[in-house]
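Visitor: this one's sequence-less:
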């Protein structure tokens with residue numbers, strides 16, 4: 001069972017309808033291309049195929065069927081949100097999730113303090129505790 005079934009690439013993304021991200025910081029990168037489905041956009045973003053940056057999100061223009069791959073997400077400094085009825089924003093869950101799953105080896109979120117407010121230890125540090 002399950003053989004031959006392909007996993008939906010959109011599963012790794014958090015969707016926000018009618019929202020586009022505008023880069024204020026000009027060093028942030030965007031690439032666009034005509035694609036028929038959000039699944040195709042998601043697959044390319046997940047694989048970083050044909051992109052010169054790590055794709056953290058994409059916005060799909062439902063009117064023009066254009067995919068906008070983004071090197072940033074809604075939590076990135078130098079980015080602002082814009083309501084736009086033509087777009088749906090899809091952000092990689094790994095970059096917007098504020099919780100650690102399992103041992104946290106793939107955690108890419110922004111939380112850097114414990115529940116009690118203590119600053120987290122850097123992964124490459126053995127101080128104050130050994131790993």
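Guide: Thanks, I have the structure now. Worth saying up front: this structure is predicted, and the values here are computed from it rather than measured. Numbering: from 1, shown residues only.
Visitor: what ranges do the strands span in the protein?
Guide: For the chain, the strands defined by DSSP state E occupy 13-23, 30-34, 57-61, 66-70, 79-92.
Visitor: mind listing what the longest one pairs with, with the direction of each?
Guide: Going back to what we said before, that points to strand 79-92. strand 13-23 (antiparallel), strand 57-61 (antiparallel) (DSSP bridges).
Visitor: now the shortest one and strand 66-70, what's the angle there?
Guide: Comparing the axes of strand 57-61 and strand 66-70 via axes from the mean of the first three to the mean of the last three CA atoms, to 10 degrees yields an angle of 160 degrees.
Visitor: buried set for the lengthiest helix in the chain?
Guide: Scanning the chain for the helix with the most residues, using DSSP state H, yields helix 38-47. Going by neighbour count (16 or more other CB atoms under 10 Å), the buried part of helix 38-47 is 38, 41-46. In this view, the C-beta of every residue, glycine as well, is placed from N, C-alpha and C.
Visitor: give me the contacts around it.
Guide: Contact partners of helix 38-47, identified using CB atoms under 8 Å, 6 or more residues apart in numbering, comprise 8-10, 12-13, 35, 49-51, 55, 57-58, 60, 67, 69, 88, 90, 92.
Visitor: what's the PyMOL line that selects buried ones from these?
Guide: Written as a PyMOL command, the selection of buried residues from those, which uses 16+ other CB under 10 Å, is:
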select buried, resi 9+10+12+13+35+51+55+57+58+60+67+69+88+90+92
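Visitor: show me the shaky parts of the protein.
Guide: Across the chain, the ranges flagged by pLDDT under 70 are 1-4, 99-102, 104-106, 108-109, 131.
Visitor: now do 80
Guide: Scanning the chain for pLDDT under 80 picks out 1-6, 97-115, 120-123, 128-131.
Visitor: ok, residue 24 touching residue 79?
Guide: Yes. The pair residue 24 / residue 79 is scored as a contact, 6.5 Å apart, by CB atoms under 8 Å.
Visitor: between those two, who's got more neighbours?
Guide: residue 79 (17 against 11; other CB atoms under 10 Å).
Visitor: show me what that one is bridged to.
Guide: residue 23.
Visitor: tell me the contacts of it?
Guide: Taking CB under 8 Å, 6+ apart as the test, what residue 79 contacts is 21-25, 28, 72-73.
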